[in-house]
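**Student:** Sharing a model that was predicted from the sequence below.
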There are 2 protein chains.
Amino acid sequence: MAQPAGTTEETSGAGSAPVWTAGRRPRVVIIGGGFGGLACADGLGGIEADVLIIDRRNHNLFQPLLYQVATAALSPADIAEPIRKSVGRHRNISVLLAEATGIDTAAKAVLLEDASRVPYDILVIATGSDYNYFGHDEWRQLAPGLKTLREARMIRQRLLSSFERAERSDDPLERRAALTTIIIGGGPTGVEMAGAVSELGRYMIRRDFRRIHQDEMRVLLVEAGPRLLAAFPEELSHYAEDYLRSIGVEVLVSERVVAIEPGSVQMGDAHVACGAVVWGAGIKASPAAAWLGLGGDRIGRIPVTPALNIENHPEIFCLGDTALAMGEDGQPLPALAQVAKQQGQYVASVIRDLTRGRAQPRPFRFHNRGNTAVIGRNAAVFDFGRFRLKGRPAWFLWAIVHVYLLINFEKRVLVSIQWMFRYLTRQRGARIIDEKPEFSEGEEVPLASAAVRR
Amino acid sequence: MAQPAGTTEETSGAGSAPVWTAGRRPRVVIIGGGFGGLACADGLGGIEADVLIIDRRNHNLFQPLLYQVATAALSPADIAEPIRKSVGRHRNISVLLAEATGIDTAAKAVLLEDASRVPYDILVIATGSDYNYFGHDEWRQLAPGLKTLREARMIRQRLLSSFERAERSDDPLERRAALTTIIIGGGPTGVEMAGAVSELGRYMIRRDFRRIHQDEMRVLLVEAGPRLLAAFPEELSHYAEDYLRSIGVEVLVSERVVAIEPGSVQMGDAHVACGAVVWGAGIKASPAAAWLGLGGDRIGRIPVTPALNIENHPEIFCLGDTALAMGEDGQPLPALAQVAKQQGQYVASVIRDLTRGRAQPRPFRFHNRGNTAVIGRNAAVFDFGRFRLKGRPAWFLWAIVHVYLLINFEKRVLVSIQWMFRYLTRQRGARIIDEKPEFSEGEEVPLASAAVRR
């Protein structure tokens, strides 16, 4: 690509280095304040550059615990932190609440939804992923996934409302349907949801409901492939399946969902009437590949060099779920928080080196901290590659690791206490059904600007 | 009124006693699961009667701390408890999530929104109050009050979004407008909101924003009467006003709001452009008086006897904000949580006596536990009648009392810890702006019933 005149840095190596105009503080723009984007920003605090994080949400979400919001064990604020708060102490980092809609690579600018442009010298794309409905986007409304607080609250709302409807109904078929939850996708999200919904429902019905019985409740976990937790060793898949069956979850493998309608899911020829449906059957990358005019791979990921920048655009880095980065085994790195986080830290170190005039970045290497999924009370699986853990020891380790990974000390304390109460009482603290809206909440009251300018 | 045949109990006294058919467990129906309704239900646990609580919300709300949800200090679940969970341990108490729309006093049945009927032998009306817009119900959407979690979340959303818009704007007038918050009503809610918004905004701007300055922020507290906190002694009103001014709040007394439009509030001839508007300027009772064919007083309250039942309907009790009950001084008892709670306990004791064949209830007597309002960090007022407290001692007492009054031990621990962090760091933990809705959250997916019956 054409280099602007007067560039001061020029390096080569694994993806040759970004450049910027001399005599001016370089501008680093990060799109996306998730695990990768924030880890990168955190590594850029105090450097000789102006850093801007653009996100359409004002908060970073600790997605691994989002299923606990959906099942009323935690509150949204326990796992969400304002991006401004995370980076507030670094005076060289600003935050912009806006939606990126494109990238002008020639002019080096990010395009926003209001058609304004944000210039960059170095760009970091960390826009994550979304659930993949495999061409059936109309299913999204009927079967929300677990990517945002809004979806988690919606699932919570539907689950709790279904129990209330069942308690009120005199029709056994309607009660049975309202008490049936179908979870689509047997990956970690699906397994976690199935365990949590089963435990939430059975205990809650036994203690707090009078007319429905816990045996009327069904939780179906539907997986199209031959086994649950396909990314884990078979031994752990079987353990998860056995455990889920033991707490009453109906596990259906090699079973494909062919239709989702209001109040029912069709698998093969069978229509199963249900209350809530949850989607966790696969992800696709954010649309950032299209912004760059690239095709992306099968699920839209952008191929990156070993230094995590884009071929022919050394000034553009890409990381996390949206990047197609290869591991040492030649396989694409998985869409995991730990991958995004390590990549963010790596990209920050590369950018820091550049601002100090150093170059020649070593290629990114992923250090596997272990892959885990929690299945229920006292049950989880851990895969460290060389060794595996399951059952209560894995569950303990899972809990400790996830508290440790939480956003800050306050949230660690709050979540630990709530888990202790959950564990001791089996009761869930956040069983709130929101009131019927008198007027829409998402709706914005037009700001004064018009009135002021009048 | 006509008594059904075969009644076994008959008593006289302060409002003669309810009666029910012999040989059948009496049915007690409580409409409303607020402070009063739940206190009553709690007192009826284990008695020889079937108790049913009807509420359109599934949770009881600790309204005194709702302003902290609106200002991002606490999460909704910290101050809300599922009604089922509160009464779950009493096997004779059931809960129905439904909206009452009327009462058929002749047939002794509560009418629900789906036209079904719930029969009662004894009825307790504890339906609370709503904000009074004094004939301007179109203001509700522009200036939400603080009665429900939905409103609190909406106010939080508008406050935080306004700061974001200001940070993004280049127009000084638009920035100024977005950074102006107008709070209407100088009672405890207004005073609490004014103090909290001012403290939230100033600290947040200083630490986490880059382009706006804390001096651009305005908080206006508008009161139509001559002083703030009219229910408190003058000395405490003046203290509150002085304190609020010292933290930058503009206090306008004897000032009447004549119009609210999107983005501006008109007081007298002055239009003030603003971001968020909060309403706390007076309440009115729930529509229960109309259900009974009664007129109610000026704000719709139902006159009750000294035993808290309704003239000519000894089987109907009414309590809390919806009841017009007289204190020993001949003045109506105020709309306070402690009044509703004591009345609920009293009505429960009367009903318990009735089930044991005792009668002759002593009239209800209100024991004043002190009236309080918090103004800011280290500042509150307490009025105990005989003596008063203000400043830091009052603030300490306020905090201790409110933690103690919280719904259960878990919430006490969680709120204490969050307040400790708030106090030490001045940062607020729950600064979440919800994502733009892709589809409406309140919207319900139709349940399977239709599909099942097909």
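**Tutor:** Sure, I can see it.

**Student:** in the stretch 301-450 of chain A, which spans are strands?
**Tutor:** A:302-303, A:309-310, A:313-318, A:323-324, A:371-376, A:379-383, A:388-391 (DSSP state E, counting those that start in this stretch).

**Student:** On the strand side of things, show who the spatially closest residue to residue A:142 that is not a sequence neighbour bridges to.
**Tutor:** Leaving aside its sequence neighbours, residue A:142 sits nearest to residue A:260 (CB to CB, 6 or more residues apart in numbering or on different chains; 4.9 Å). Quick note: C-beta positions are derived from backbone N, CA and C, even for glycine. Bridge pairing for residue A:260 (DSSP bridges) gives the partners residue A:265.

**Student:** Cross-check the contact I'm expecting between residue A:260 and residue A:266.
**Tutor:** Yes: the pair residue A:260 and residue A:266 qualifies as a contact (CB atoms under 8 Å) at a distance of 7.5 Å.

**Student:** So which of the two has more stuff around it?
**Tutor:** Neighbour totals were compared for residue A:260 and residue A:266, and residue A:260 leads with 22 against 14 (other CB atoms under 10 Å in any protein chain shown).

**Student:** Please report the distance of that one from residue A:164.
**Tutor:** Distance of residue A:260 to residue A:164, computed by CB to CB, to the nearest Å: 22 Å.

**Student:** So what's the residue count around residue A:256?
**Tutor:** By other CB under 10 Å, neighbour count at residue A:256 equals 14.

**Student:** separation between the residue nearest to it when sequence neighbours are not counted and chain B?
**Tutor:** Closest residue in space to residue A:256, ignoring its immediate chain neighbours: residue A:224 at 4.9 Å, by CB to CB, 6+ apart. According to CB to the nearest CB, to the nearest Å, residue A:224 and chain B sit 23 Å apart.

**Student:** same deal with residue A:38?
**Tutor:** Distance from residue A:38 to chain B, by CB to the nearest CB: 14 Å.

**Student:** Hmm, residue A:273 and residue A:173 touching each other?
**Tutor:** Yes: using CB under 8 Å, residue A:173 is in contact with residue A:273, at 7.3 Å.

**Student:** which of these two has more neighbours?
**Tutor:** Using other CB under 10 Å, the more surrounded residue of residue A:173 and residue A:273 is residue A:273, with 23 against 14.

**Student:** Show me the helices in the stretch 1-150 of chain A, by range?
**Tutor:** A:35-43, A:66-70, A:83-87, A:149-168 (DSSP state H, counting those that start in this stretch).

**Student:** got TSV for those helices, with distance to residue A:123 and mean neighbour count too?
**Tutor:** Output for the helices of the stretch 1-150 of chain A, formatted as TSV (distance: least, CB to CB, whole Å; neighbours: other CB atoms under 10 Å in any protein chain shown):
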stretch	distance to residue A:123	mean neighbour count
helix A:35-43	11	25
helix A:66-70	28	26
helix A:83-87	17	24
helix A:149-168	27	23
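
**Student:** want to throw the ones you listed into JSON lines with mean pLDDT?
**Tutor:** Converted to JSON lines, the helices of the stretch 1-150 of chain A look like this (pLDDT from 0 to 100):
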{"stretch": "helix A:35-43", "mean pLDDT": "97"}
{"stretch": "helix A:66-70", "mean pLDDT": "95"}
{"stretch": "helix A:83-87", "mean pLDDT": "93"}
{"stretch": "helix A:149-168", "mean pLDDT": "94"}
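
**Student:** what about residue A:89, neighbour count?
**Tutor:** Residue A:89: 11 neighbours (other CB under 10 Å).

**Student:** Using the record's domain definitions, break chain A down for me.
**Tutor:** Per the record, chain A has its domains at A:27-131+A:283-355, A:137-281, by automatic domain parsing.

**Student:** Switch these over to a markdown table; also include distance to residue B:139.
**Tutor:** What follows is the domains of chain A, written out as a markdown table (distance: least, CB to CB, whole Å):
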| stretch | distance to residue B:139 |
| --- | --- |
| domain A:27-131+A:283-355 | 27 |
| domain A:137-281 | 27 |
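
**Student:** Which one of those lies nearest to residue B:288?
**Tutor:** Residue B:288 sits nearest to domain A:137-281 of all these, at 22.2 Å, using CB to CB.

**Student:** How many residues are close by residue A:332?
**Tutor:** When neighbours are counted by other CB under 10 Å, residue A:332 registers 16.

**Student:** ok, it to chain B distance?
**Tutor:** Look at residue A:332 and chain B: by CB to the nearest CB, they are 28 Å apart.

**Student:** Which residue would be the closest one in the stretch 51-200 of chain A to chain B?
**Tutor:** Nearest residue of the stretch 51-200 of chain A to chain B (CB to the nearest CB) works out as residue A:177 at 3.4 Å.

**Student:** That residue sits in which helix or strand?
**Tutor:** Using DSSP states H and E, residue A:177 falls within helix A:172-178.

**Student:** Who are the packing partners of the very next helix or strand once past that helix?
**Tutor:** Downstream of helix A:172-178, the next assigned helix or strand under DSSP H and E is strand A:180-184. The contact analysis (3 or more CB pairs under 8 Å, 6 or more residues apart in numbering or on different chains; DSSP states H and E) places strand A:180-184 against helix A:188-208, strand A:218-222, strand A:270-273, strand A:277-279.

**Student:** by contact count, what packs against the third one?
**Tutor:** Secondary-structure packing of strand A:270-273 (3+ CB pairs under 8 Å, 6+ apart): helix A:172-178, strand A:180-184, strand A:264-267, helix B:449-453.

**Student:** Paired strands for the second one, with orientation please.
**Tutor:** Using DSSP bridges, strand A:180-184 pairs in its sheet with strand A:218-222 (parallel), strand A:277-279 (parallel).

**Student:** So what touches the helix or strand that the longest one is followed by?
**Tutor:** Moving toward the C-terminus from strand A:218-222, the first helix or strand encountered (DSSP H and E) is helix A:234-246. Contacts of helix A:234-246 from elsewhere in the structure, counted by CB atoms under 8 Å, 6 or more residues apart in numbering or on different chains, are A:191, A:194-195, A:198, A:221, A:227-230, A:232, A:251, A:253, A:373, A:375-376, A:379, A:381, A:383, A:388, A:390-391.

**Student:** now the angle from helix A:234-246 to strand A:218-222?
**Tutor:** 160 degrees (axes from the mean of the first three to the mean of the last three CA atoms, to 10 degrees).

**Student:** Mind checking the pLDDT average for helix A:234-246?
**Tutor:** The average of the pLDDT scores along helix A:234-246 is 97.

**Student:** in that helix, what's buried?
**Tutor:** Neighbour counts over helix A:234-246 (16 or more other CB atoms under 10 Å in any protein chain shown) mark A:236, A:237, A:239, A:240, A:241, A:243, A:244 as buried.

**Student:** Neighbours of the nearest residue to residue A:376 once chain neighbours are set aside, how many?
**Tutor:** Counting by CB to CB, 6+ apart, residue A:195 is the residue found nearest to residue A:376 once chain neighbours are left out, at 3.7 Å. Residue A:195: 27 surrounding residues under other CB under 10 Å.

**Student:** I'd assumed residue A:379 was in contact with residue A:195.
**Tutor:** Yes: Residue A:195 is in contact with residue A:379 according to CB under 8 Å; the separation is 7.3 Å.

**Student:** ok, back up a step: quick one: pLDDT of the residue nearest to residue A:142?
**Tutor:** Looking at residue A:260, its pLDDT reads 97.
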